[in-house]
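[1] Here is my input, please return the structure:
(one chain, ligands or ions: 2)
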Amino acid sequence: MSASCVLEEQQPSNPYQYQNQNQNQNPTTPHETRIIFFLHINNTRILLPKSTGTKILKSSDLGQKEADKSLLTSRKLRFSLGLFCTLSMDNLSLPEDALFLGFDSSTQSLKATVLDSKLNIVTSEIVKFDLELPHYKTKDGVYRDPSINGRIVSPTLMWVEAFDLILHRLQDSKKLDFKKLTAVSGSGQQHGSVYWKKGSSTILSSLDPKKPLVAQFGQAFSTKESPIWMDSSTTEQCRAIEKVVGGALKLSELTGSRAYERYTGPQIRRIFEKQPEVYNNTERISLVSSFFASLLIGGYACIDHTDGAGMNLMDIKERVWSKQILEATAPGLEEKLGKLAPAHAVAGLIAPYFVERFQFNKECLVVQWSGDNPNSLAGLSLNTPGDLAISLGTSDTVFGITMDHKPSLEGHVFPNPVDTKGYMVMLCYKNGSLTREDIRDRCADKSWDVFNRFLKQAPPLNGGKMGFYYKDHEILPPLPIGYHRYTLENFKGNTLDGLVEHEVKEFDFPSEIRALIEGQFLAMRGHAERFGMPSPPKRIIATGGASANHSILSSMASIFGCNVYTVQTSDSASLGAALRAAHGWLCKKKGSFMPISCMYKDDLGKTAFGCKFVATVEDSQLVAKYALLVKKRMEIENRLVQKLGRK
Ligand SMILES: Nc1ncnc2c1ncn2[C@@H]1O[C@H](COP(=O)(O)OP(=O)(O)OP(=O)(O)O)[C@@H](O)[C@H]1O
Ligand SMILES: [Mg+2]
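    Residues are numbered from 1 along each chain as shown. Ligands and ions are numbered 1, 2, ... in the order given. Here you go, the predicted model:
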């Protein structure tokens, strides 16, 4: 495997800092200066090891404080470093006929993507929960508990049956040779948790290949209902945990987020308080991600560092469980959680069950599964701090990368799943696709085409009509269910001075649809700016089911003021998981972590990860007008939070 590489010389702060010790130390006599080189491989900066990358260059000028730049670009040097890079990468290339499988267990479906060694898509599959497993009687993949405000769960066994089904689909399609599968990994909806009943490790390790999984896991869980990310029933537990550790900001500093209702720590505390028999009868708690990895290895898999940061339990700097928070959450928790592992680590070998039932290669590695947003970050090859990704799935999320963790009362920080040092930052909205569907069904004959026609019919800025649509309790801002509509009198887009808003009961259908779409993106832009995300972003890469809708992406470009791109599939989470499977396999082969960008070869565009341009800013004046509208929206939103928000 070759890579496009660019050299960079490190500028020593002290010009003699890297001077060769064996040479004359006197700066006024001829000497050789040791220069440290970094190699940039597709945007990743690697310090070259002394033996291979560091060169002793002769400086001809006695007092020269800096090596001659022309030496650095000399052909000979470039050749030797290029050779070093090519040789190293060749040793670490993916086997030519190898295949890599990535799953994504999301809110409404289970998806799979298979990549070949050139990182192109071989095949993909999807199982939709409501439609294809109707006997679980879920709506949008979940149960909304009518008796407890905000309690939302999914049947754990449905995920198991969906796994049986998708594996059979992949087998029946004849597009996947399981024998060629070299590594498999996956993505799970973040925060959701599974409670393994005492004794279930024996079930996991002694699966009968003649029977489907669903027939063997009926008695494996101490509760049949997994709390998921949509749940908002744990406000009391959140406040209690924050109090024990010294407040919300302290918890954010420790774990990357203040306490959130959907986070696994508060969910576990609630189960411990309300269903102590369930808690006591549980030998292991998995996240959705580590749950599926456990099925694949036939034993309990670790929780990975990135998804682990979505629990309010992990010390994000040290990447270990925080004993203080574990104690504040529930007794004996550490034992039930098992160990943490990096996202690129191998969880184990594929279990014999899958080898016998589906003819997996018995050498196939299972790489740690992680959360869906972290996997999307990998699938969108997001590695530049100025870029933003927006996922329009059941939830909407906005995420990017950063090198530091700044504690905040809003948004989330997770370890970057494909970089051992950096972080990913994220905002999450519960009212994403399901709210868009609700308004589509009411105003646009249940058709996305009609929806798009109406969206175009109402002009940008919507004549000052603005809406806040919360079909479910919102996460950001923390507002209850409710729709709020306002008209801004005389709004021309030039000033906010003297602007008065009036609350109204309804809009005409086109205005309702534009108010929804503009409202969602104005909120994202306002929150992203407040959180310190790049504004305007260099570009946005959009993903998730609704990223198939170009009318929606066009509004996104106008409101954020930048170009919008997509990748080859709207399911970047399973795509990223397949890439991480290959990455984990390479790291294992190398014996240590390597940057994931080393895998993109010379040209990202030749792989499934190449970005496709879809929308641009058509009117730059409009971007400035939206900036004013963002301000106004934040003002109204703050008032709504003061009046109605969760405390
Ligand atoms: N053309 C379209 N326009 C707008 N929305 C669409 C379109 N096609 C699909 N969608 C939306 O995509 C949603 C499903 O997206 P996706 O598969 O990314 O969700 P998910 O992965 O289950 O959710 P999450 O990642 O939040 O768990 C559907 O609810 C649907 O409303
Ligand atoms: Mg998804």
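[2] switch to C-alpha atoms for all contacts and neighbour counts from now on
    Noted.
[3] which residues sit in contact with the closest residue to residue 192 other than its chain neighbours?
    If the residues on either side of it in the chain are set aside, residue 192 comes closest to residue 228, at 4.1 Å by CA to CA, 6 or more residues apart in numbering. Residues in contact with residue 228 (CA atoms under 8 Å, 6 or more residues apart in numbering) are 152-154, 189-193, 262.
[4] ok, how many other residues are close to residue 442?
    Residue 442 has 10 neighbours, counted by other CA atoms under 10 Å.
[5] so the residue most central in space within the chain is in which element?
    Nearest residue to the geometric centre of the chain (CA atoms, centre = their mean): residue 373, 1.8 Å. Following DSSP states H and E, one finds residue 373 within helix 372-379.
[6] And that helix, what does it pack against?
    strand 181-188, strand 396-402, helix 572-590 (3 or more CA pairs under 8 Å, 6 or more residues apart in numbering; DSSP states H and E).
[7] Adjacent strands (with direction) for the shortest one?
    The pairing partners recorded for strand 396-402 under DSSP bridges are strand 387-392 (antiparallel), strand 423-429 (antiparallel).
[8] can you put these in a markdown table and add mean pLDDT and distance to ligand 1?
    Formatted as a markdown table, these follow (pLDDT from 0 to 100; distance: least, CA to the nearest ligand atom, whole Å):
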| stretch | mean pLDDT | distance to ligand 1 |
| --- | --- | --- |
| strand 387-392 | 97 | 6 |
| strand 423-429 | 97 | 9 |
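[9] if I pick the residue nearest to the centre of the chain, what's in contact with it?
    Counted by CA under 8 Å, 6+ apart, residue 373 has contacts 190, 397, 573.
[10] at 10 Å instead, please
    187-190, 306-307, 379, 389-391, 397-399, 417, 424, 426, 428, 572-573, 576 (CA atoms under 10 Å, 6 or more residues apart in numbering).
[11] Is residue 640 in a helix, a strand, or coil?
    helix (DSSP: H, G, I helix; E, B strand; the rest coil).
[12] Need phi/psi at the closest residue to it other than its chain neighbours.
    Computed as CA to CA, 6+ apart, the closest residue to residue 640 that is not its neighbour in sequence is residue 479, at 7.7 Å. Per-residue torsions, residue 479: phi -110, psi 150 (degrees, to the nearest 10).
[13] need the contact list for residue 479.
    468, 470, 472-473, 637, 640-647.
[14] again, only this time at 8 Å
    Per CA under 8 Å, 6+ apart, neighbours of residue 479: 470, 473, 640-641, 644-646.
[15] Any residues of this protein in contact with ligand 1? List them.
    Contacts of the chain with ligand 1, taken as CA under 6 Å from any ligand atom, map to 106-109, 189, 393-395, 433-434, 437, 448, 544-546, 548-549.
[16] Restricted to buried residues, select the residues you listed in PyMOL.
    Typed into PyMOL, the next command selects the buried ones out of the residues of the chain next to ligand 1 (criterion: 16 or more other CA atoms under 10 Å):
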select buried, resi 106+107+108+109+189+393+394+395+433+434+437+448+544+545+546
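[17] if I look at the closest residue in space to residue 389 that isn't next to it in sequence, how far off is residue 321?
    The shortest distance from residue 389 to any non-neighbouring residue, by CA to CA, 6+ apart, is to residue 541 (4.7 Å). From residue 541 over to residue 321 the distance is 33 Å, taken as CA to CA, to the nearest Å.
[18] same thing with residue 266?
    15 Å.
[19] again with residue 603
    Using CA to CA, which is the criterion applied here, residue 603 is 39 Å from residue 321.
[20] go on, residue 357?
    For residue 357 relative to residue 321 (CA to CA), the value is 37 Å.
[21] between the two, which one's more packed in?
    Counted by other CA under 10 Å, residue 357 and residue 321 do not tie: residue 321 has more neighbours, with 23 against 15.
[22] Check whether that one really touches residue 315, as I assumed.
    Yes. In this structure, residue 321 is within contact of residue 315 by CA atoms under 8 Å, at 5.8 Å.
[23] Do me a favour and get the end-to-end distance for stretch 462-482?
    With CA to CA as the measure, what separates the two termini of stretch 462-482 is 21 Å.
[24] which parts of stretch 134-141 are buried?
    Applying 16+ other CA under 10 Å to stretch 134-141 flags 136, 138, 140-141 as buried.
[25] before we move on, back to that, would TSV of the contacts of residue 479 with neighbour count, pLDDT and secondary structure be doable?
    Output for those, formatted as TSV (neighbours: other CA atoms under 10 Å; pLDDT from 0 to 100; DSSP: H, G, I helix; E, B strand; the rest coil):
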residue	neighbour count	pLDDT	secondary structure
470	20	98	strand
473	22	93	coil
640	16	98	helix
641	16	97	helix
644	12	96	helix
645	16	92	coil
646	14	79	coil
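[26] tell me which of those residues is nearest to residue 519?
    residue 470 (11.1 Å; CA to CA).
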